[in-house]
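Enquirer: Output the structure for:
(2 chains)
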Amino acid sequence: MIRVVLPAHLRTLAHVDGEVSLDVEGQVTQRSVLDALEACYPMLRGTIRDQVTHQRRAFVRFFACEEDWSHEPPDAPLPDAVAVGAEPLLIIGAMAGG
Amino acid sequence: MSMVRVLVGTRKGAFVLTSDATRDRWDISGPHFAGWEIYHVTSSPADPNRLYASQSSGWFGQQIQRSNDGGQTWEPVGNKFAYDGVPGTHQWYDGTPHPWEFKRVWHLEPSLTDPDTVYAGVEDAALFRSIDGGQTWQELPSLRGVKGHLWQPGAGGMCLHTIVLDPSHPERIFIAISAAGVFRTDDAGKTWRPMNRGLKSPYELPDPQAEVGHCVHRIAMHRSRPGVLFMQKHWDVMRSDDAGESWHEISGNLPTDFGFPIAVHAHEPDTIYVVPITSDSEHYPPDGKLRVYRSRTGGHEWEALTHGLPQRDCYVNVLRDAMAVDALDACGVYFGTTGGQVYASANAGDSWAPIVRDLPAVVCVEVQVLP
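Expert: Sure thing, here's the model as predicted:
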């Protein structure tokens, strides 16, 4: 199972506490994880990436294994530790706004 | 006894204020959607327990929430607002072409007859409609064909902020955009015409015949007389007696004719309310005095309503969607401020009292009377 940590506002929106666990088919990438996340929680569509272009929203960041994966291509494999469920993918609302 | 429900959207969540018909004591629930900007929360005229809310965040984008029980519980519905086709460009602040980009929903207007049909006015300006209770949204794209390439954002963005449905003509809709102006369809959105003749914006639009480009802040109608419209423009308070075909100024003796909201008394179609604001560069009341102005003559002659409102050191604003009236007798009038107060008058504006003083900045106020 893939583990995903959502920011507080999105946990509220999706009615979840703590981490989310997902079954992901095939290679574990940003795209496949977000596809699985949005399939389980349709209300999150459009909150992390644009519904039409699938581009990451400007003030959302992805972290895994203490590294920023935000600017990696969406089909790049995430770290093995995420793929085996040892570490979560962190979805973060960027600090912005002063 | 009837109950009154006031729906309030703020920069940090929605609140529901309820009272019996005396409108003396209020219960306050919320925040709903805590931490999110609520651009609009409103109810269906066809089903008073059907509510819709526009929930927006700079981080996480747009949500539409729907309630079927008067706001006790909510469910997120569709939030995909995809422009029809390739939307092209509008003008940027400097006059250069700028691509159309969806940012948020400013205003939701449920159908007068069907709780599952609702219109959404969005930024960048376009009109969407849902006929399935907000689950899916389709643009009415011909609106953008009315010289959309010349539309330009106002200071708050290029927003479609006002949607007025004509109760006597089901296929007629008025909309207003900052800064493009008023547009009307008579065929349920298939075709549109600009309705800005008589508006004067000499600094922004030197051409007095310009069909689009006016910074309209809000328009209002009385259900019994849908051919008469009232407008708070960026500057100027205006009136149309021919369903928007032409406009004339009714600012009269107002201390300033800049402002955002305008509302019509529930039972007197010639009684209207505005909140004059000092200027476009000073968004607060003149002289630090919060005054609602009422005209009982359909414009030109205005009286200041001050009883119960702060008359010194008050520097709040009242935004375009933040004033509403109820249908009780006597008519109730409500408005919210950027300072977080919601004021109510149970006597058509003769006297006022705060329902609540310390909410986040108020963006919108709507009111319902429930049996």
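Enquirer: Please make it C-alpha for all contacts and neighbour counts, starting now.
Expert: Noted.
Enquirer: can you pull out the strands in chain A?
Expert: A:2-5, A:20-22, A:60-64, A:67-68, A:89-93 (DSSP state E).
Enquirer: Put together JSON lines for those, with distance to chain B, mean pLDDT and mean neighbour count on each row.
Expert: Listed next are those as JSON lines, based on distance: least, C-alpha to the nearest C-alpha, whole Å; pLDDT from 0 to 100; neighbours: other C-alpha atoms under 10 Å in any protein chain shown:
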{"stretch": "strand A:2-5", "distance to chain B": "15", "mean pLDDT": "98", "mean neighbour count": "21"}
{"stretch": "strand A:20-22", "distance to chain B": "18", "mean pLDDT": "97", "mean neighbour count": "17"}
{"stretch": "strand A:60-64", "distance to chain B": "6", "mean pLDDT": "96", "mean neighbour count": "18"}
{"stretch": "strand A:67-68", "distance to chain B": "17", "mean pLDDT": "96", "mean neighbour count": "11"}
{"stretch": "strand A:89-93", "distance to chain B": "6", "mean pLDDT": "96", "mean neighbour count": "21"}
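Enquirer: now those as CSV including distance to residue B:32?
Expert: As requested, the strands of chain A are exported to CSV (distance: least, C-alpha to C-alpha, whole Å):
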stretch, distance to residue B:32
strand A:2-5, 23
strand A:20-22, 23
strand A:60-64, 23
strand A:67-68, 33
strand A:89-93, 20
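Enquirer: And residue A:13, how far from residue B:94?
Expert: 38 Å (C-alpha to C-alpha, to the nearest Å).
Enquirer: Can you give me the pLDDT of whichever residue of the stretch 101-250 of chain B sits closest to chain A?
Expert: Residue of the stretch 101-250 of chain B nearest chain A, by C-alpha to the nearest C-alpha: residue B:102 (10.1 Å). Looking at residue B:102, its pLDDT reads 94.
Enquirer: go on, residue A:98?
Expert: 54.
Enquirer: Verify the stated contact: residue B:134 with residue B:118.
Expert: Yes - counting by C-alpha atoms under 8 Å, residue B:118 is a contact partner of residue B:134 at 7.0 Å.
Enquirer: So for these two, which residue has more residues nearby?
Expert: residue B:134 (24 against 21; other C-alpha atoms under 10 Å in any protein chain shown).
Enquirer: Are there helices or strands packed against the strand or helix carrying residue B:334, and which ones?
Expert: Element membership for residue B:334, per DSSP states H and E: strand B:333-336. The contact analysis (3 or more C-alpha pairs under 8 Å, 6 or more residues apart in numbering or on different chains; DSSP states H and E) places strand B:333-336 against strand B:323-325, strand B:342-345, strand B:362-370.
Enquirer: Show me what the residue nearest the centre of chain B is bridged to.
Expert: Most central in chain B under C-alpha atoms, centre = their mean is residue B:321, positioned 3.4 Å from the mean C-alpha point. Applying DSSP bridges to residue B:321 yields these beta-bridge partners: residue B:364.
Enquirer: Now residue B:289: closest residue in space, sequence neighbours ignored.
Expert: Take residue B:289 and drop its neighbours on the chain: the residue closest to it by C-alpha to C-alpha, 6 or more residues apart in numbering or on different chains is residue B:311, 4.1 Å away.
Enquirer: Quick check, that neighbour in contact with residue B:285.
Expert: No - applying C-alpha under 8 Å, one finds residue B:311 not in contact with residue B:285, separated by 9.9 Å.
Enquirer: Name the residues contacting each of the two.
Expert: Shared contacts of residue B:311 and residue B:285, defined by C-alpha atoms under 8 Å, 6 or more residues apart in numbering or on different chains, are found at residue B:291.
Enquirer: Compare these two and say which is more crowded by neighbours.
Expert: Counted by other C-alpha under 10 Å, residue B:311 and residue B:285 do not tie: residue B:285 has more neighbours, with 26 against 14.
Enquirer: can you pull the contacts of that one?
Expert: B:275, B:276, B:277, B:278, B:291, B:314, B:315, B:316, B:317.
Enquirer: Need phi/psi at the third one.
Expert: Main-chain dihedrals, residue B:277, degrees, to the nearest 10: phi -120, psi 150.
Enquirer: Wait, a helix at residue B:287?
Expert: Yes - under DSSP: H, G, I helix; E, B strand; the rest coil, residue B:287 sits within a helix.
Enquirer: residue in chain B nearest to chain A?
Expert: Nearest residue of chain B to chain A: residue B:60, at 4.3 Å (C-alpha to the nearest C-alpha).
Enquirer: okay, now the nearest residue to that residue once chain neighbours are set aside: neighbour count?
Expert: Nearest non-adjacent residue to residue B:60, counting by C-alpha to C-alpha, 6+ apart: residue A:47, 4.3 Å away. Residues near residue A:47, counting by other C-alpha under 10 Å, number 23.
Enquirer: do the same with residue B:135
Expert: Residue B:135: 16 neighbours (other C-alpha under 10 Å).
Enquirer: any idea how far it lies from residue B:66?
Expert: In terms of C-alpha to C-alpha, residue B:135 sits 10 Å off from residue B:66.
Enquirer: what do those two both touch?
Expert: Common neighbours of residue B:135 and residue B:66 (C-alpha under 8 Å, 6+ apart) are residue B:77.
Enquirer: correct me, but residue B:294 touches residue B:306?
Expert: No - here residue B:294 lies out of contact with residue B:306, judged by C-alpha under 8 Å, at a distance of 10.7 Å.
Enquirer: Those two - which one has more neighbours?
Expert: residue B:294 (26 against 17).
Enquirer: Grab the nearest non-local neighbour of residue A:49.
Expert: Residue A:49's closest residue in space is residue A:56 (C-alpha to C-alpha, 6+ apart), at 4.1 Å.
Enquirer: which residue ranges form the helices in chain A?
Expert: For chain A, helices defined by DSSP state H occupy the ranges A:8-14, A:30-40, A:80-83.
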